[in-house]
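Visitor: Based on what follows, work out the 3D shape:
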Amino acid sequence: SGMVGSSMTMVVLWESLCDSVWAYAVKGKGVIAEPGLPIRMADDLATVGFGSSQVVLKTDTEPAIVEVRRAVGKARGVDVPTTYDDSRVGDSNSNAKVERSVREVKGLVRTLRSALAADMKAPVTIKSPVIPWIIRHAAYVITRCKVLDDGRTALQKIKGRKTVVPMVSFGEAVMF
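Guide: The predicted model follows:
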């Protein structure tokens, strides 16, 4: 595989109300490396319905991610209540769900990348410009397609109804 010895940094956001997953390819850790990330994350929280609702942003205590967390709160605006919480080692319930989401996104990124390479009959390296799109799409597929314990997907919970629009393979040309 072309991923040997290379990697890409990504941030995975899991929200607990609908159990949706959002993923972002980033150049490095912290707001300096990716100044637009907090705005994108705040926009995604608004998509889920948290545009003006109070949220608790829970992260580990790594300084770079704490910086991003505070910047997301700032991007949401001063009129929107945002509080912060540190995830402690051993806080098994929420940490396990976040870690599971990270593993699922990584696994689906590998699958989508491999399928695209097979379809194109050419390697898709980790440095390819399509990788950030694959990362974003992998989280969307999980949010849209993964059936949860209650028999619904996260997207059904967000929209309040089933999504019936057909999907095509990532990278497939669609003529209409």
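
Visitor: and residue 27, how many residues sit next to it?
Guide: 12 (other CB atoms under 10 Å). (Glycine included, C-beta is placed from N, CA and C.)

Visitor: wait, it sits on residue 36?
Guide: No. With contact defined as CB atoms under 8 Å, residue 27 does not count as touching residue 36 (10.6 Å).

Visitor: Spatially nearest residue to residue 171 (excluding sequence neighbours)?
Guide: Leaving aside its sequence neighbours, residue 171 sits nearest to residue 116 (CB to CB, 6 or more residues apart in numbering; 4.7 Å).

Visitor: Mind telling me what element that neighbour is part of?
Guide: helix 92-120 (DSSP states H and E).

Visitor: Which parts of the helix or strand that that helix is followed by count as buried, going by neighbours?
Guide: Per DSSP H and E, the first helix or strand lying C-terminal to helix 92-120 is helix 131-145. Residues 131-132, 134-144 are the ones in helix 131-145 that count as buried (16 or more other CB atoms under 10 Å).

Visitor: So what touches helix 131-145?
Guide: With contact meaning CB atoms under 8 Å, 6 or more residues apart in numbering, helix 131-145 is reached by 8, 10, 12, 20-25, 101, 104-105, 108-109, 112-113, 116, 124, 153-155, 158, 163, 167, 170.

Visitor: Now the buried members of these.
Guide: Buried members of those, counted by 16+ other CB under 10 Å: 8, 10, 12, 20-25, 101, 104-105, 108-109, 112-113, 116, 124, 153-155, 158, 170.
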